[in-house]
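**Q** Curious how this folds, go ahead:
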Amino acid sequence: MQIERTENENHKVTTYLPKGEIKAVVAIFIGHSVEDGGAYSPWMELNEYAYNNEPAYNLGVGLANIGYKALVYDRVVAGWKGWQPMCDDLNQQCADLHLMLHFNCYNGRARGTETLYFYASKKGYKAARIFCNHIYKHFNTHKRGAKPLTYGERAYALVAKPKAVSVILEAAFGDNKADAQALIEGRPTYHDALITATKEYFGDES
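**A** Here you go, the predicted model:
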């Protein structure tokens, strides 16, 4: 495996290149940024950005080990100002699949896994269903399903603007005690579930 790192004032990109032929290119965005952190789980005492760092980089390594080129994007600048340059870079990379790692917070009672995709993308729907199935089983939580995002809805641009098939992965609810415990216990092997889902999406039976 070859590892390349680039960095600017907005974000860092770590590229994991496999030995031999590249099966596909997968981009992995760590949810939120150093500046904003995203939703905060009082049970884990972690925000989305902190929680998803380790699984994102583990996923990159794991995918490269089985023949995929993986790009892990780690953002410094908060909000759309920080996200747009990453999207521009992503679109130049000709990625086949774009995964955004997050978790939810709401009212402390809501539970479960949901995945979000652009409503007009059939491939997005396929990917969202596959990843939801593997993630909710991994964390043994509720299956909230694959949910479409359309114009004007919160976060729709995150799945509509990239050229790659794009899915937001909301693993569970960090403010729910049971889900938070599942997130803690399942974190070390979360990347394995995502690798299995990636292989299923691409029809990779190796």
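**Q** With adjacent residues omitted, what lies nearest to L183?
**A** Spatial nearest neighbour of L183, excluding adjacent residues (CB to CB, 6 or more residues apart in numbering): A172 at 5.4 Å. Bear in mind the C-beta positions are built from the backbone N, C-alpha and C, glycine included.
**Q** show me where this structure has strands.
**A** 2-7, 11-17, 25-33, 40-41, 46-47, 69-75, 97-104, 113-118, 143-149, 165-173 (DSSP state E).
**Q** Name the stretch among the ones you listed that sits most buried.
**A** Mean neighbours per residue, mean count of other CB atoms under 10 Å, is largest over those for strand 165-173, with a mean of 27.
**Q** Flag the shaky bits of the protein, pLDDT-wise.
**A** Residues of the chain meeting the criterion pLDDT under 70: none.
**Q** one more time with 90
**A** 34-35, 76-87, 152, 154, 206 (pLDDT under 90).
**Q** quick one on the thing from earlier: got the contact list for the residue nearest to L183?
**A** Shown in contact with A172 (CB atoms under 8 Å, 6 or more residues apart in numbering): F103, N104, R111, G112, T113, F139, T141, D179, A180, A182, L183.
**Q** do N140 as well
**A** Each residue near N140 by CB under 8 Å, 6+ apart is listed here: A182, G186.
**Q** Next: P18.
**A** By CB under 8 Å, 6+ apart, P18 lies in contact with M1, L63, A64, N65, I66, G67, Y68, K69.
**Q** Just send the strands of the chain back as a markdown table, with distance to R129 too.
**A** As requested, those are exported to a markdown table (distance: least, CB to CB, whole Å):
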| stretch | distance to R129 |
| --- | --- |
| strand 2-7 | 32 |
| strand 11-17 | 26 |
| strand 25-33 | 17 |
| strand 40-41 | 26 |
| strand 46-47 | 28 |
| strand 69-75 | 22 |
| strand 97-104 | 14 |
| strand 113-118 | 8 |
| strand 143-149 | 5 |
| strand 165-173 | 10 |
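**Q** surely R129 meets K143?
**A** No - assessed by CB atoms under 8 Å, R129 is found out of contact with K143, at 10.2 Å.
**Q** Okay, buried residues for stretch 103-112 please.
**A** F103, N104, C105, A110, R111, G112 (16 or more other CB atoms under 10 Å).
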